[in-house]
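1. here's a sequence, model it:
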Amino acid sequence: MKSIAVLFCLYLGICTGTWAKAASTPPYWPDTTTTPGSRCTGVFEEVGNHCIFVDKDLSGTWQDMRDVCHVLGGDLVNLQDANFLADIKDYLYGFGHTGVTYWVGSNDQVTEGVWQWINDHSQVKLGTPLWGDLSSRIQEPTGGSAENCGVLFHGDHYFMHDTSCSVSYSLICEQYNFHGIEVTGTNASRTDIVQEDSPNNCPSPYVIVAGRCIFVNTLAKNSWQSHKTSCESLGGYMVKLDDANFLGAIFDYLTQSGISHEFWIGASDDHQEGQWFWHDGSRVRMGTPFWGDNGTITQNPDGGVTENCGMINYDDHYFFDDEDCNANHYVICETT
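-> Below you'll find the model as predicted:
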């Protein structure tokens, strides 16, 4: 049975080399990968409450790969919910789909600089947590009118980058629906709205950001443990950034407020090296789209036994970084 890659390189007329040889003999049909009990159909698999199909062997232009997704009953993947990127990253690493770059369903071909998800025309949020950077430390997208299509770039831990739509990359498709239930537009995303007066009555000095009460404390720099105590004295705890969309809302709040500092957060592996937990004992999610890389090919945390406390790093677009717990930084507190 031919792979889905062979089927569609034949369909699009882009078979070359080994694909051309493989496509020369029938039958031409895809293997189905649907897990029994899944809401997904055909070649799609359920990942993070979405139905996706990944093919690292087939590659083509952005439009070619979008055509493949259409024939399968979907479109290039929509990452409006940044937590879905974390699920996809785990899937790629867990099933050996790394080593290549993948097209996603974002572009700014209509209006330069205005990025949209092509399946529902919703706005692509710029900045953290979706967009990565390279050694220049300038956050993507950076290509201007020459680079109008979005990819998950394997050279940057599968953060999003912009690139020319005419180059050749692999595809991640997302199914249009779960057995007829339309999923377009149902993804959650972060909000840009910061309300000084909360309907949830956040106590002073907290303000509401994306439905949660936070206090960005820039009054004094101190150690992680000292600020843990200071947050508790204010009836709260060091902020828990367990949701990628909430990390994006914090990024919006800090950048729109003109704040440019490093901040302690409530993550630590002080009790067991490499095992990161929040204040309430829940695990810290590792990798993209939470942890940055300090402009290197090694993703944080990378400090070993000398850096056991978590912060968000202004120099790395407020992605997570590990730090010496005795270093002095400001803190973000949270209360319920």
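2. CA atoms for contacts and neighbours, from now on please.
-> Will do.
3. contacts only, for residue 127.
-> Residue 127 makes contact with 139, 140, 248, 251, 317, according to CA atoms under 8 Å, 6 or more residues apart in numbering.
4. could you dump these into CSV and include distance to residue 38 and neighbour count?
-> CSV is the format used below for the contacts of residue 127 (distance: CA to CA, whole Å; neighbours: other CA atoms under 10 Å):
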residue, distance to residue 38, neighbour count
139, 37, 18
140, 35, 18
248, 30, 28
251, 35, 22
317, 37, 22
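5. next step: those restricted to helices.
-> Using DSSP state H, the subset of those located in helices is 248, 251.
6. which among the contacts of residue 127 gets closest to residue 64?
-> residue 140 (23.7 Å; CA to CA).
7. how close does the closest one get to residue 46?
-> 29 Å (CA to CA, to the nearest Å).
8. got a list of contacts for stretch 83-99?
-> With contact meaning CA under 8 Å, 6+ apart, stretch 83-99 is reached by 47-48, 54-56, 79, 130, 154, 158, 243-245, 287-289.
9. residue 335 against residue 237, yeah?
-> Yes: with contact defined as CA atoms under 8 Å, residue 335 counts as touching residue 237 (6.4 Å).
10. more neighbours: the two, which one.
-> Per other CA atoms under 10 Å, whichever of residue 335 and residue 237 has more neighbours is residue 237, with 23 against 20.
11. show me what contacts that one?
-> Residue 237 is in contact with 228, 231, 266, 279, 333, 334, 335, counting by CA under 8 Å, 6+ apart.
12. how about residue 220, phi and psi?
-> Main-chain torsions, residue 220, degrees, to the nearest 10: phi -160, psi 140.
13. okay, residue 299: pLDDT?
-> pLDDT recorded at residue 299 is 96.
14. ok, residue 36 next?
-> Model confidence at residue 36 (pLDDT) stands at 56.
15. again with residue 24
-> 43.
16. which ones are touching the residue nearest to residue 241 when sequence neighbours are not counted?
-> In this structure, residue 241 finds its nearest non-sequential neighbour in residue 247, 5.9 Å apart by CA to CA, 6 or more residues apart in numbering. When the contact criterion is CA under 8 Å, 6+ apart, the partners of residue 247 are 128, 129, 241, 290.
17. confirm the second one sits in a strand?
-> No: when DSSP: H, G, I helix; E, B strand; the rest coil is applied, residue 129 is found to be coil, with no strand at that position.
18. that one contacts residue 319, doesn't it?
-> Yes: Residue 129 is within contact range of residue 319, at 7.4 Å (criterion: CA under 8 Å).
19. need the residues touching each of those two.
-> Counting by CA under 8 Å, 6+ apart, the residues touching both residue 129 and residue 319 are residue 290.
20. neighbour count: these two, which is higher?
-> For residue 129 versus residue 319, neighbours defined as other CA under 10 Å are more numerous around residue 129 (27 against 24).
21. for that one, give its distance to residue 55.
-> Residue 129 is 25 Å from residue 55, by CA to CA.
22. fine by me, we can end here.
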